[in-house]
Structures are given as structure tokens and as C-alpha cells.
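Asker: sequence first, predicted coordinates after that:
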2 protein chains.
Amino acid sequence: MPKQFISKNTLYRLPLYLSFLKCLPAECDMISATSIAESLNFNHVQVRKDLASVSDGGRPRVGYKTTELIADLERFFLRKISDNVVIVGMGPLGYALALSSDYKAFGFNVVAAFDHDERVIGKRCGDIEILPVSRLYDFCNAGGVRLGIITTPQNAAQKICDTLTESGAIAIWNFSSAKLHVPEDVLVYDENLTASLAILAAHIKQSR
Amino acid sequence: MPKQFISKNTLYRLPLYLSFLKCLPAECDMISATSIAESLNFNHVQVRKDLASVSDGGRPRVGYKTTELIADLERFFLRKISDNVVIVGMGPLGYALALSSDYKAFGFNVVAAFDHDERVIGKRCGDIEILPVSRLYDFCNAGGVRLGIITTPQNAAQKICDTLTESGAIAIWNFSSAKLHVPEDVLVYDENLTASLAILAAHIKQSR
DNA sequence: TAGATTGTTAATCGATTAACAATC
DNA sequence: TAGATTGTTAATCGATTAACAATC
């Protein structure tokens, strides 16, 4: 079904189609690229190109079968087995992320959390245990952890990142404002909340 | 000091320069665009163009005075007075965001949180009180709230967003996975964590 | 002076959009 | 058949990068 190469911009839009389609009312059994484009404020040709990269279920005059398109998108993201995940930094944000129920839908399984604060080590957060950072390497190495979530302060992030990649992680979800340096095959996805606040501030400023 | 028009991509990079500069060791009193580019993995011409849009402190041979460049960047983001902020949706994520200390640096002041769950209404979160969503419009309208943070489920987000913009908000920080529709002068900054997970999943998949 | 850096003008690249032919 | 939709090929647009002149 899927096609050759997917550009970065397309890759970033695919999840938006998926979440849009998933919250469509049940009676929408067919959906056109045109109507998706309207709802998401995208160009309709762009939507068609994006969808063509993961699905060939589009039919002239009628569009896509909604369930089929959802299935095609999910197939694009899902692996055969789920991947283990750890969270490092158990402040309120790490805590919130540990309690999220979004992981399962994308084949992720949060298996442990880490912190260096004696007062939280040993406690539990939902189903998982909070372990000392000193055990991070061994745990990830033994447990085949593929994704590491970093919610530490900026100055601690690079070292944690190194430990994660050295122990086998190939993806990092970075909530610190540090610029992380990683081996070529590792993806760092930045969720830089401080930078977001700056952008929001700039908008408000120029709105007078 | 600043220049005419700033492109979206440039605007999104400016906060990254700021946080990079801010965590530089104190002995780095001068910094060149070339070295910033190397550290952040950007093209050096791009960095120079970006910085030129907020500062004219660059001097051939020596680069920028670090403190001056930081001040120029901060001047770009800061308003004369700070703006009021509310958070809607007091799950663990809303809670974490309410406790963050990042706001002040960008001239934001979190003044209240809202939820519809009777069990949390009336409680406090740090310095702020959790109020019922039914009071959202009146509170924001009277308090001149400019930024609204949405951490509700996807299906509740649009209605909350409408209430926020109708009561005077001109910026929305959206942590739900809903695509929000707003008046033209309102900025929605999406922090779509579900979409991020999907992108991370896709990377892991194609790494085999 | 030589060299490192700056900022600018021109070339390249890639992504978006427009035009169009094909299909049911 | 007419019309809505699809997917593709070509044109446009904007952003990145390369080349270069200016400066200390």
C-alpha cells in the first residue's frame, strides 16, 4: 500500500489526519480529501499527496472509506511488537507523562521512570516504579528500551541522553530546552515548552 | 534595532538561540554566528540572517557580545506589562503546567485554573485556585486574560477555545489533539503530544 | 597585512499550489 | 452524460545555501 519516500512535512501531517479521522462521528463512513483539507485548513492537493503516501484507497467521486484510511494510517505508524519506554525526570511533567494513556495506541509501553531525588525513588507512579538514575544504563540495556523521554532540567539533559542512546535507545522525546547531540540514527523530537511560550509571547506583543 | 518582517521559520528558531545563549558559561562574553550554527546544527548564514532580524550588534572579526545578544532577543519577546494566563483542564498535565516557573521570564502570569470536576474545584495548585469551567468566560473577560492553555480532552477543546477567544484571549496553547478553529487574529500554538508519539513510532518502525 | 567574521546578493533546492487529465 | 472527486505533471513560491564584498 504505502509509497516510496515520505517528506518530513508530510510525516508531520499524517498524525493530524489520523486524530481528525478518529474523532469523526460514526455516520461519516466516507470522507474526501477535499473535506479533510477544509477541516484542517490545508490545501486539498497537499492532503491528497499526503494520503497517497500511505493509502491507495481513494476513489474518484466518492473519496476514501473512513475506516480503511484510519487503518492505513495506523499501519504506517505501528510495529509488529510494542517498544519499551522510560521516562527520566519525575517532576510534575514527568509524572503527567507517565500517567498518560496515549502510548498503547502507538505501540509504546512505559516500563520505568527515573529520578535522582532520594525522596521519590522507590515510589510508584501509576503502574511503574521510580528508580535511581544510576540504574538507567543497566535497566535500558537489559530491557531493550527504544524510546527515552527526557523531562529533566536543561543542564542534565545531554548526559541522560547519552546514557539512553548508549544503552540502545533510538528515539528521544525531549521536553528539556537543551539542544541534544545524538548519533546519526537517533531521532530527537523536541517538545520545547519554553520556546513555545516565547513564540506565544511574540504573537501577543505584535498584536499590541 | 529590529528589522522589518520575520518569517515563521525564523521566529521559531529565535527562542532556540535564546535558550542556547542563556546556558552558555559565563566566560563566553563574545559569540559568533558561526559557533552558534555549529552548536545548534544550523547553517551559519541562516543564523546570521536570523540574528540580524533582532540585533545589529554583530561586528566582523569578533561576533556578538553575548549579553547584548541575549538582551536583544529578550527585548523581541517581552512586552511592557505582563499578560494574564489561565489553564483549562486540571489533569496531571494541567497541573504540571500550572506549577512551571517558565512563565515569568516571558512576561506571563498564571492567574487561575479551571476544571469541570467537582472534586478538584476549590482546591489550589501552587499559588492559583481551581475554578469551575462555568466561570471561565466571566473570569477571563473581567481579568483581561490574553493567553489560554488548553489541556482538556480532544472533544472538549473547541468549546473551551471559543469561550477563551470570545472573552478576549488572543493566544491559545493547545495541548489537546483537536484542530482548533479561531478568529484570524488569534494564534493557536499546538503541542500535540499524541502526534509526537506517532512521529517517534514511525521513526522506530523504519529503523527496523 | 592576513584572516576571521560580518551582512548581502544570487543560485539552488524543496515544498506548495495550480492546471489538467482520468475515473466512477 | 455531468459532476465530483481522484492522482499527476508543471508552475510558483519561499526558504536555505552558496558566493562574495565589506569590515575590523
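Answerer: Cool, got the structure.
Asker: ok, and what's touching stretch A:67-81?
Answerer: Here stretch A:67-81 makes contact (Cβ atoms under 8 Å, 6 or more residues apart in numbering or on different chains) with A:1-2, A:14-15, A:17-18, A:21-22, A:29, A:31, A:51, A:54-55, A:57, A:106-107, B:198, B:201-202, B:204-205. (Each C-beta comes from the backbone N, C-alpha and C, glycine too.)
Asker: roughly how far is that stretch from the heart of the chain?
Answerer: Counting by Cα atoms, centre = their mean, to the nearest Å, stretch A:67-81 is centred 15 Å from the centre of its parent chain.
Asker: ok, and does it reach over to DNA strand D?
Answerer: No: counting by Cβ under 7 Å from any atom of the strand, no contacts exist between stretch A:67-81 and DNA strand D, the nearest distance being 9.6 Å.
Asker: please identify the buried residues of that stretch?
Answerer: Buried residues in stretch A:67-81, counted by 16 or more other Cβ atoms under 10 Å in any protein chain shown: A:69, A:70, A:72, A:73, A:74, A:76, A:77, A:78, A:79.
Asker: coming back round to it: DNA strand D next: which of the contacts of stretch A:67-81 are close?
Answerer: Checking those against DNA strand D (Cβ under 7 Å from any atom of the strand), the matches are A:51, A:55.
Asker: counting neighbours, which of the contacts of stretch A:67-81 end up buried?
Answerer: Counted by 16+ other Cβ under 10 Å, the contacts of stretch A:67-81 give A:14-15, A:17-18, A:21, A:31, A:51, A:54-55, A:57, A:106-107, B:198, B:201-202, B:204-205 as buried.
Asker: now, these that are in helices?
Answerer: A:14, A:15, A:17, A:18, A:21, A:51, B:198, B:201, B:202, B:204, B:205 (DSSP state H).
Asker: test my guess that the second one contacts residue B:193.
Answerer: The reference is to residue A:15. No: proximity of residue A:15 to residue B:193 does not meet the contact threshold set by Cβ atoms under 8 Å, at 10.3 Å.
Asker: shaky segments in chain A?
Answerer: A:1-4 (pLDDT under 70).
Asker: contact residues of chain A facing DNA strand D?
Answerer: A:32-35, A:44-45, A:48-49, A:51-52, A:55-56, A:58-64.
Asker: which of those residues are buried, as a ChimeraX select command?
Answerer: Typed into ChimeraX, the line below selects the buried ones among those, using 16+ other Cβ under 10 Å:
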select /A:32,33,48,51,55,58,63,64
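Asker: which of the residues of chain A next to DNA strand D are close to DNA strand C?
Answerer: Within these, those near DNA strand C by Cβ under 7 Å from any atom of the strand are A:45, A:49, A:59, A:60, A:61, A:62.
Asker: which secondary structure elements does the biggest strand by length in chain A contact?
Answerer: The residue-count maximum for a strand in chain A (DSSP state E) belongs to strand A:108-115. The contact analysis (3 or more Cβ pairs under 8 Å, 6 or more residues apart in numbering or on different chains; DSSP states H and E) places strand A:108-115 against strand A:83-88, helix A:92-99, strand A:128-132, helix A:136-143.
Asker: report whether the third one contacts chain B.
Answerer: No: using Cβ under 8 Å from any Cβ of the partner chain as the criterion, no contacts between strand A:128-132 and chain B are found, and the smallest distance is 13.9 Å.
Asker: relative to that strand, what are the paired strands and their orientations?
Answerer: Strand pairing for strand A:128-132, using DSSP bridges, gives strand A:108-115 (parallel), strand A:124-125 (antiparallel).
Asker: and the nearest residue to residue A:62 once chain neighbours are set aside, what does it touch?
Answerer: Excluding its sequence neighbours, the residue lying closest to residue A:62 (Cβ to Cβ, 6 or more residues apart in numbering or on different chains) is residue A:30, at 5.8 Å. By Cβ under 8 Å, 6+ apart, the residues touching residue A:30 are A:62, A:63, A:64, A:65, A:66.
Asker: kindly report the same for residue A:29.
Answerer: Contacts of residue A:29 (Cβ under 8 Å, 6+ apart): A:65, A:66, A:67.
Asker: of all the residues you listed, which comes closest to DNA strand C?
Answerer: residue A:65 (13.0 Å; Cβ to the nearest atom of the strand).
Asker: what's the burial count for that closest one?
Answerer: By the criterion of other Cβ atoms under 10 Å in any protein chain shown, residue A:65 has 17 neighbours.
Asker: contacts only, for it.
Answerer: A:29, A:30, A:57.
Asker: at 10 Å what do you get?
Answerer: Counting by Cβ atoms under 10 Å, 6 or more residues apart in numbering or on different chains, residue A:65 touches A:29, A:30, A:31, A:55, A:57, A:58, A:59, A:71, A:72.
Asker: repeat for residue A:85
Answerer: Applying Cβ under 10 Å, 6+ apart, the residues contacting residue A:85 are A:97-98, A:103, A:108-113, A:128, A:145-149, A:169, A:171, A:173, B:197, B:200.
Asker: please redo it, this time with the cut-off set to 7 Å
Answerer: A:103, A:108, A:109, A:110, A:111, A:145, A:147, A:149 (Cβ atoms under 7 Å, 6 or more residues apart in numbering or on different chains).
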